[in-house]
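Colleague: Quick one, what's the 3D model for this:
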Amino acid sequence: MFLSFSLRVLVDAEALNMVESTGNYTKHRRAPLVVPVEGGFEIRYVPAVSGESLAHAYQAILAELAKERKLPICEKCATGEFLKHAEDTMFGDSEWEKQVQSYAKDNKDFHSAEKTLITNCMVEDIGGFLYTNGNVKRTSRAAFGYMLPARDFAQAAAVEPQFHVRHVPSQPERGKQMIYYVETGSALYVLSGYLDICGVGCTSMIRRECLQDADKRREAAIKALVLMLANQLYGAKRSRFLPAWTVASAVFAAAKSPFMVTPGHVKDYIDETIKRAKAYSKNFGDEVVIYYYIREGYEKSPAESGGEKVAVNRLGQIEELAEMLKWKCS
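Modeller: Numbers count the residues shown, from 1 in each chain. This next block holds a predicted model:
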């Protein structure tokens, strides 16, 4: 089962992804966005949140769920350090880590190396890794793109520096006031990605072999994704720049093979996803289940309905997806 998704999220006064600081000025991440204008297209530099930032947040939630549910997780991932087992210096002294190194380097048994590593760390199972010294690779089961302003509202996106002062009267040698600026962004963001549900808990580098606790891992992977998307659990500087946010609309599509929803940069992206799902099921014979969410007052309900192999379900709240999503893996 392959789950793809796209959401439109209205976010105000956020500092979710910052880049370099120059003196007392901290800049918000920006990215180029191609937007249609009369007579063609133009580039606009808009506030953005990187896919790396989103993936980090997702893996942090996975790590907490793994500990809560007694699922295996390595020492580094358990503390939120997602360096993975990238090279020998990242390996500890546990017996299973020594086995991974032996399988990969001595025996060239890459399948056993991958299986041993993901057996002992659910985060690396779902988030992927690349062991460069042993040439063992696992592509992440989850993918996230950059959060960018919706193209039809790109002109409404803004970055503005906010003036702040720290007052330290007890330390006159430092100056009674320390001035600094933090750029904040506001936009109707589009967040898109996918989760390869049936790839969780199964090896993939040489051949497919599933672990005994694969279903428990898949349930955790779905729950972590829903928790992240429904509660805006991503981004940095949240302790002092917790943004005002609203999920305006969202669409999810579940299919046996990869089917990507239409990203929310298209205004009628939910309708477009349903139309494409019909064409996809007709030409490839695969069933597609669409789940969509629309907050009252933001969008109209999709005009399209499902078909013979396309089921369309409306979510009252995004959290309902965790219960409504039906998946079966062989």
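
Colleague: what about the helices in the stretch 51-200 of the chain?
Modeller: Counting by DSSP state H, counting those that start in this stretch, the stretch 51-200 of the chain has helices at residues 51-68, 75-78, 95-101, 110-120, 122-127.

Colleague: Using TSV, lay out those helices together with distance to Leu195 and mean neighbour count.
Modeller: To be clear about C-beta, it is placed using only N, CA and C from the backbone, and glycine gets the same treatment. Output for those, formatted as TSV (distance: least, Cβ to Cβ, whole Å; neighbours: other Cβ atoms under 10 Å):
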stretch	distance to Leu195	mean neighbour count
helix 51-68	9	19
helix 75-78	18	18
helix 95-101	25	16
helix 110-120	16	22
helix 122-127	8	26
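
Colleague: now those helices in TSV, with mean pLDDT and distance to Gly306?
Modeller: As requested, those are exported to TSV (pLDDT from 0 to 100; distance: least, Cβ to Cβ, whole Å):
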stretch	mean pLDDT	distance to Gly306
helix 51-68	97	29
helix 75-78	94	39
helix 95-101	95	46
helix 110-120	97	36
helix 122-127	97	30
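
Colleague: Nearest to Leu242, out of these?
Modeller: helix 51-68 (14.0 Å; Cβ to Cβ).

Colleague: contact partners of that closest one?
Modeller: With contacts defined as Cβ atoms under 8 Å, 6 or more residues apart in numbering, helix 51-68 is touched by 16-17, 71-73, 77-78, 80, 82, 122-123, 126-127, 140, 142-147, 191, 193, 220-221, 223-225, 227-228, 233-236.

Colleague: now do stretch 311-325
Modeller: With Cβ under 8 Å, 6+ apart, stretch 311-325 has contacts from 3, 222-223, 226, 229-230, 247, 250, 252, 254, 274, 287-294, 301-302, 304-306.

Colleague: And those residues, which of them are buried?
Modeller: Burial by neighbour count, judged by 16 or more other Cβ atoms under 10 Å, picks out 3, 222-223, 226, 229-230, 247, 250, 252, 254, 274, 288-294, 302, 304, 306 from the contacts of stretch 311-325.

Colleague: Out of those, which sit inside helices?
Modeller: Under the assignment DSSP state H, the buried ones among the contacts of stretch 311-325 contribute 222-223, 226, 229-230, 274 to helices.

Colleague: And the contacts of helix 51-68, which of them are buried?
Modeller: 16-17, 71-73, 77, 82, 122-123, 126-127, 140, 142-144, 146-147, 191, 193, 220-221, 223-225, 227-228, 234-236.

Colleague: Arg8 is in contact with Thr262, correct?
Modeller: No. Judged on Cβ atoms under 8 Å, Thr262 makes no contact with Arg8 at a distance of 12.0 Å.

Colleague: Compare those two and say which one has the larger neighbour count.
Modeller: Higher neighbour count among Thr262 and Arg8: Arg8, with 28 against 21, using other Cβ atoms under 10 Å.

Colleague: Please look at that one and Trp245 and confirm they touch.
Modeller: No. Arg8 is beyond contact range of Trp245, at 11.3 Å (criterion: Cβ under 8 Å).

Colleague: doesn't Asp93 make contact with Gln101?
Modeller: No. Using Cβ under 8 Å, Gln101 makes no contact with Asp93, being 11.2 Å away.

Colleague: Wait, a helix at Trp327?
Modeller: No. Using DSSP: H, G, I helix; E, B strand; the rest coil, the secondary structure at Trp327 is coil, not a helix.
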